[in-house]
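Chemist: prediction below, plus the sequence it came from.
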Amino acid sequence: MMGITSLKKFVTDSMAVDLGTASTLIAVKGRDIVLDEPSVVAVNELTNGIVAYGQEAFDMRGREGRDITVLAPLIGGVVADFEHTKKMLAYFVKKAKTGGSQVSLQAVMSMLSDVTHVEQRALLNAAEEAHIGKVFMMEEGLAAAFGSGVSSKDKRASAIVDIGAGTTNIAIVAKGTIVHSRSERIGSMDINLALANHLRRHRGLQVGDETTEKLKTDFATVILPTDIGKTVHTRGRDVQTGSPAAVEVTVGEIYPVIESIMRRIAHVVADTLTELQPEVAADIFDRGIILTGGGALLNGIDQYLREKVNLPVIISDEPRYATVRGLLHMFEEPELLAKVSRNEPHILQNSEVPFEA
């Protein structure tokens, strides 16, 4: 901490950082969201140097140069590749800063409720490498609640289900704190993998990430489609011959593939709701569930969950940004931030060093 006070005159930004499996979002106090890019890097395999970050790297995916590999250094919402994560975060933070400042006075970062001390320390170390002066760690579910409009002073409980690319995080929030939470390493990215497996095994077509993402977001539906015969032309590579190929895929064909993943997510939600105290359960019965995260944008997801858990389900405004905006809100309530942050420095100092890939 020595020297931070003397650097204040050079500091322009207080940041909120939502470092996710699929995307990294950064918001700055007074400027709202300033960065929204995929959490990937393009690496030269010969030199091991990073040649592109974020959107530029993502645009190479599936069409990489001969010696280039596009990597996602976070898996399931936690750091899997420390070296590439810290370099990626440093790049994003530098890009998000204004006025050429070299240090951000403070930042609030999201983390999963079941994150280990080693995983948490990896995030803190990555933030330190990005030249962030002071970092607060905050549970993702609580941030998503605040970003969805839940008041920190509301004594009644609210249920937030945040469906990200690699994780589904369920948080029950009351009076500005989490009264119950659960994280499962399943998310919308599992739908992409299931679609790719289906097309390879049953249609003999190998497709890339861009194709499965487009199928999921632009064509598929979580609920039973009214026109099951609706088709889309899907291109890729023939599994047997290796040649370029295409097949006609119906929405009715891929609906069971997507529903199988959503059924698992719905089961986690329903199972979590059975663990609540009676008064909390009564509040949720009245209020229902708030959906956040990129998975909340899946076509028909609110109706699907409503039928599975028999509760009202609403989708937050701009659900992808709920967590980062909730983090940003904490700068308006510094006392609450101090109360809910989970830095635990005495434990982190004794943690083992995270592995480097």
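Modeler: Yep, that arrived. Numbers count the residues shown, from 1 in each chain.

Chemist: report the contact partners of residue 272.
Modeler: By Cβ atoms under 8 Å, 6 or more residues apart in numbering, the residues touching residue 272 are 170, 180, 182. Placement of C-beta: from N, CA and C, glycine included.

Chemist: which ones among those map onto helices?
Modeler: The helices, defined by DSSP state H, take in nothing from the contacts of residue 272.

Chemist: could you dump those residues into TSV and include pLDDT, neighbour count and distance to residue 317?
Modeler: Written out in TSV, the entries for the contacts of residue 272 read as follows (pLDDT from 0 to 100; neighbours: other Cβ atoms under 10 Å; distance: Cβ to Cβ, whole Å):
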residue	pLDDT	neighbour count	distance to residue 317
170	96	24	20
180	95	19	24
182	94	18	24
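
Chemist: from the residues you listed, pick the one nearest residue 285.
Modeler: Top of the list for closeness to residue 285, among those and by Cβ to Cβ, is residue 180 at 14.9 Å.

Chemist: what about residue 132, distance to residue 109?
Modeler: 9 Å (Cβ to Cβ, to the nearest Å).

Chemist: isn't there a helix covering residue 186?
Modeler: No - per DSSP: H, G, I helix; E, B strand; the rest coil, residue 186 lies outside any helix segment and is coil.

Chemist: count of neighbours near it?
Modeler: By the criterion of other Cβ atoms under 10 Å, residue 186 has 20 neighbours.

Chemist: so it touches residue 265, yeah?
Modeler: Yes - with the criterion set as Cβ atoms under 8 Å, residue 186 and residue 265 qualify as a contacting pair; they are 6.2 Å apart.

Chemist: need the overlap of contacts for the two.
Modeler: Taking Cβ under 8 Å, 6+ apart as the contact rule, the neighbours common to residue 186 and residue 265 are residue 168.

Chemist: got the phi/psi numbers for residue 174?
Modeler: With angles defined as degrees, to the nearest 10, residue 174 sits at phi -150, psi 140.

Chemist: which non-adjacent residue is nearest it?
Modeler: Ranked by Cβ to Cβ, 6 or more residues apart in numbering and with sequence neighbours excluded, the top spatial neighbour of residue 174 is residue 157, at 4.2 Å.

Chemist: what about that neighbour, how many neighbours?
Modeler: The number of residues packed near residue 157 is 22, by other Cβ under 10 Å.

Chemist: show me where the stretch 151-300 of the chain has its strands.
Modeler: Taking DSSP state E, counting those that start in this stretch as the test, the strands found in the stretch 151-300 of the chain are 158-163, 168-174, 177-184, 205-206, 231-238, 244-250, 289-292.

Chemist: tabulate those in JSON lines, adding columns for distance to residue 141.
Modeler: Supplementary listing: these in JSON lines, determined by distance: least, Cβ to Cβ, whole Å:
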{"stretch": "strand 158-163", "distance to residue 141": "6"}
{"stretch": "strand 168-174", "distance to residue 141": "2"}
{"stretch": "strand 177-184", "distance to residue 141": "5"}
{"stretch": "strand 205-206", "distance to residue 141": "37"}
{"stretch": "strand 231-238", "distance to residue 141": "35"}
{"stretch": "strand 244-250", "distance to residue 141": "35"}
{"stretch": "strand 289-292", "distance to residue 141": "9"}
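
Chemist: give me the more crowded residue out of residue 132 and residue 109.
Modeler: Neighbour tally, residue 132 and residue 109, criterion other Cβ under 10 Å: the higher count belongs to residue 109, 25 against 22.

Chemist: now do the more buried one, the pLDDT please.
Modeler: Residue 109 is assigned 91 on the pLDDT scale.

Chemist: that one falls within a strand, correct?
Modeler: Yes - secondary structure of residue 109, determined by three-state DSSP: located in a strand.

Chemist: thought it was touching residue 134?
Modeler: No - with contact defined as Cβ under 8 Å, residue 109 does not reach residue 134; the gap is 11.1 Å.

Chemist: send the alpha carbons of stretch 238-258 over as CSV?
Modeler: Once non-C-alpha atoms are left out, stretch 238-258 reads as follows in CSV (Å, rounded to 0.1, in the frame of the first residue of the first chain):
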residue,chain,number,x,y,z
ASP,A,238,-17.7,-33.5,-43.4
VAL,A,239,-16.5,-35.9,-40.6
GLN,A,240,-15.7,-38.8,-43.0
THR,A,241,-14.3,-37.0,-46.1
GLY,A,242,-12.9,-33.9,-44.4
SER,A,243,-14.3,-31.8,-47.2
PRO,A,244,-16.4,-28.6,-46.8
ALA,A,245,-20.1,-29.6,-46.4
ALA,A,246,-23.5,-28.3,-45.2
VAL,A,247,-26.7,-29.8,-43.8
GLU,A,248,-30.2,-28.5,-43.2
VAL,A,249,-30.9,-28.5,-39.5
THR,A,250,-34.4,-28.1,-38.0
VAL,A,251,-35.3,-26.2,-34.9
GLY,A,252,-37.2,-29.3,-33.7
GLU,A,253,-34.0,-31.4,-34.1
ILE,A,254,-31.8,-29.2,-31.9
TYR,A,255,-34.5,-28.3,-29.3
PRO,A,256,-34.0,-31.6,-27.3
VAL,A,257,-30.2,-30.9,-27.3
ILE,A,258,-30.7,-27.5,-25.7
